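Asker: pasting the structure only:
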């Protein structure tokens, strides 16, 4: 089954404790991206990657890191989480050509205390 | 930067009735994609319908149709014969040339039995 898989789905952590949210897609998509969803703001892009070893900042990259060492994986790293990073996070992917649709993971609810 | 505006934070519709969700966007591009995504309580982002800007014909998917007014930069979603399962948050989105997908703030749709 074609899918984007994120883990963990739920996480409660404390300020300053490093964490990683994994993202993997099995559709051989070149493009991958991370979004955060906050009430009243919709989804905002954190980082994106157009291919292996190519990453770039989105609108809200502060406090986050990413890497793209393999085509299928695109982990999101919070080196020192803060309460303002409490949010719902989505990983998404798409092929380089096609109708432009993004395929989303199921979301990861992160709470930073 | 391209922006997407959904002016209706909440909408309500009676079961079996029709409802229209509004969306406007700002862009200087001539060819781009527009989307409506549905987010039910499960949080999954589900593609409802897509429209390519160069196509004049409005897209239709079963009970869902759009009114695409390119000159006015308007992209509304009409849901006919509303069902209880249509209750969700709906996001309008814009994407140009496989770059960042821009989202509106969302419209929460309630369906009354």
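Answerer: Cool, the structure landed. These figures come from a predicted structure and were not determined experimentally.
Asker: Spatially, which residue comes closest to the spatially most central residue of chain B, not counting chain neighbours?
Answerer: With distances taken as CA atoms, centre = their mean, residue B:36 lies nearest the centre of chain B, 3.4 Å away. Nearest-residue entry for residue B:36: residue B:48, 4.4 Å, with adjacent residues in sequence omitted and distances by CB to CB, 6 or more residues apart in numbering or on different chains. C-beta: built from backbone N, CA, C; applies to glycine.
Asker: any idea how far that neighbour is from residue A:52?
Answerer: Residue B:48 is 32 Å from residue A:52, where distance means CB to CB, to the nearest Å.
Asker: repeat for residue A:20
Answerer: 18 Å.
Asker: ok, now residue B:21?
Answerer: Noted for residue B:21: a distance of 38 Å to residue A:52, by CB to CB.
Asker: quick one, which of those two is more surrounded?
Answerer: The residue with more neighbours, out of residue B:21 and residue A:52, is residue B:21; 23 against 14, by other CB atoms under 10 Å in any protein chain shown.
Asker: Please list all residues in contact with the nearest residue to that one once chain neighbours are set aside.
Answerer: Nearest non-adjacent residue to residue B:21, counting by CB to CB, 6+ apart: residue B:77, 4.5 Å away. By CB atoms under 8 Å, 6 or more residues apart in numbering or on different chains, the contact list for residue B:77 reads B:20, B:21, B:23, B:36, B:48, B:49, B:64, B:65, B:66, B:90, B:92.
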